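**Q** Sequence first, then the predicted structure, then my questions.
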Amino acid sequence: MSEVSKNLPRDTFLYLLAIITLVVVAVGFGMAVFNYIDFYFPDLATDYYKSASSYESPIRQAMAMLIVVFPVFLWVSRFLRKDVALHPEKKELRIRKWLLYLTLFAAALVIIGDFVTVVNNFLRGELTTRFTLKALTIFFISGSVFYYYLAQLREKTVKWLDLFSWVIVAAVILAVGWGFAVIGSPFQQRDKRFDERRIQDLSMVQNYITNYWQNKEKLPTSLRDLEDPLLGTVVPVDPETGEPYEYRVVSNLTFELCATFTTKGEDDQRAVPMIYPPRGQDYGWQHDLGRTCFERTIDPDFFQLTKPRPL
């Protein structure tokens, strides 16, 4: 059995792996760049309900796809190219050409789907600038994929392919680095999650205090008064330190809640007006770095007292 025939099953699986990883990389790169474009070029017509923080999740997903899958794709592609250079007779294998064309076919489907989405958004009234940048992104992805694989099919010089490979590597590294610039480091993201939890906790405590006042027509003297084993009411504490939140009665209807934040609340400075606030940054909960207090006053006309039950 020849060396080529012996390694045919291995090569087949490696080419299939190259197809899958290529599709994932193309989707991840397009997702990342599309969200960067939307972030820096907000559109009043299509992003009315979006905030800057709403782009964090898709950008993180795209970055994870590129960080994990792109090195695998790079290794498989280089291995296959070196293997063909070592065994030139493999260039004539039908299975190799079939799999290369299958790779182009799979990439073409992804690119066509992305372009349909971009054109649909343009017809829906998206900004011409965003449409143009996204179209250029698709042309870059499609041009890169088709040039790289058609060059292998046409057996162009390895020198140009090596140079082109480094250009693609630089583009992917730039896309990932850009993502860190937009959403911050993993440590900053962790601090944001803690602060989002603090806002949720303070909002919950505020509701407990309001319900307490509606039932007893007075504010609790401390947060411990809100705990009720029968109802299962437990007052949350700071998720990072485990310390209780600060509470102070200002007057008969006014109270103050305080917490220590690890990040500065980001006011959405983009051009898009917000109807729904970003997660963790609800209106009335904007905060600075460090200890921040929120004063709340109960409106008796809005929060009506609970009617006593008849005897």
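**A** Received it, and whenever you're ready, just let me know what you need. For clarity, every value in this text was computed on a predicted model and none was experimentally measured.
**Q** residues of the helix or strand containing F29 that come out buried?
**A** Using DSSP states H and E, F29 falls within helix 8-40. Of all the residues in helix 8-40, those buried under the rule 16 or more other C-beta atoms under 10 Å are 8, 11, 14-15, 17-19, 21-39. Yep, even glycine has a C-beta here, placed from its N, CA and C like the rest.
**Q** Just give me how far that helix sits from the chain centre.
**A** When C-alpha coordinates are averaged (C-alpha atoms, centre = their mean, to the nearest Å), helix 8-40 and its chain have centres 17 Å apart.
**Q** same check, this time on stretch 191-206
**A** Using C-alpha atoms, centre = their mean, the offset of stretch 191-206 from its chain centre is 20 Å.
**Q** cool, and stretch 75-82?
**A** Computed by C-alpha atoms, centre = their mean, the chain-centroid distance of stretch 75-82 equals 31 Å.
**Q** Use 684 as the first number from now on
**A** Understood, numbering begins at 684; the last thing we discussed is stretch 758-765.
**Q** Give me the residues contacting that stretch.
**A** Residues from elsewhere that reach stretch 758-765 (C-beta atoms under 8 Å, 6 or more residues apart in numbering): D694, L697, Y698, L700, A701, T704, Q835, V841, L844, S848.
**Q** Pass me the low-pLDDT residue ranges in the stretch 834-983 of the chain, would you?
**A** By pLDDT under 70, the low-scoring segments of the stretch 834-983 of the chain are 838-844, 948-966.
**Q** quick one, strands of it?
**A** For the stretch 834-983 of the chain, the strands defined by DSSP state E, counting those that start in this stretch occupy 929-932, 937-944, 973-980.
**Q** contacts for the last one?
**A** By C-beta under 8 Å, 6+ apart, the residues outside strand 973-980 that reach it are 885, 889, 892, 929, 933, 936-944, 967-968.
**Q** Rebuild the contacts of stretch 758-765 as JSON lines, extending it with distance to L806.
**A** Below are the contacts of stretch 758-765 laid out as JSON lines (distance: C-beta to C-beta, whole Å):
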{"residue": "D694", "distance to L806": "44"}
{"residue": "L697", "distance to L806": "41"}
{"residue": "Y698", "distance to L806": "38"}
{"residue": "L700", "distance to L806": "37"}
{"residue": "A701", "distance to L806": "35"}
{"residue": "T704", "distance to L806": "33"}
{"residue": "Q835", "distance to L806": "37"}
{"residue": "V841", "distance to L806": "43"}
{"residue": "L844", "distance to L806": "38"}
{"residue": "S848", "distance to L806": "36"}
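**Q** re earlier: pick the most deeply packed of the strands of the stretch 834-983 of the chain.
**A** Stretch with highest mean neighbour count among these: strand 937-944 (a mean of 17; mean count of other C-beta atoms under 10 Å).
**Q** tell me the angle it makes with strand 973-980.
**A** Put simply, strand 937-944 runs at 160 degrees to strand 973-980, going by axes from the mean of the first three to the mean of the last three C-alpha atoms, to 10 degrees.
**Q** Partner strands of strand 937-944, with direction?
**A** strand 929-932 (antiparallel), strand 973-980 (antiparallel) (DSSP bridges).
**Q** could you dump the ones you listed to CSV with distance to F986?
**A** Shown next, in CSV, are these (distance: least, C-beta to C-beta, whole Å):
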stretch, distance to F986
strand 929-932, 16
strand 973-980, 10
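**Q** E910 contacts P919, doesn't it?
**A** No - counting by C-beta atoms under 8 Å, E910 does not reach P919; the two are 10.9 Å apart.
**Q** Let me know the closest of the contacts of stretch 758-765 to I981.
**A** Relative to I981, the closest of the contacts of stretch 758-765 is T704; by C-beta to C-beta it sits at 57.8 Å.
**Q** Once you drop chain neighbours, what's closest to the closest one?
**A** Using C-beta to C-beta, 6 or more residues apart in numbering and skipping the chain neighbours, the partner closest in space to T704 is F756 (3.6 Å).
**Q** Please tell me I have it right and that neighbour contacts V708.
**A** Yes - counting by C-beta under 8 Å, V708 is a contact partner of F756 at 5.4 Å.
**Q** Show me where the stretch 784-933 of the chain has its helices.
**A** Taking DSSP state H, counting those that start in this stretch to define them, one finds helices in the stretch 784-933 of the chain at 811-836, 841-866, 869-899.
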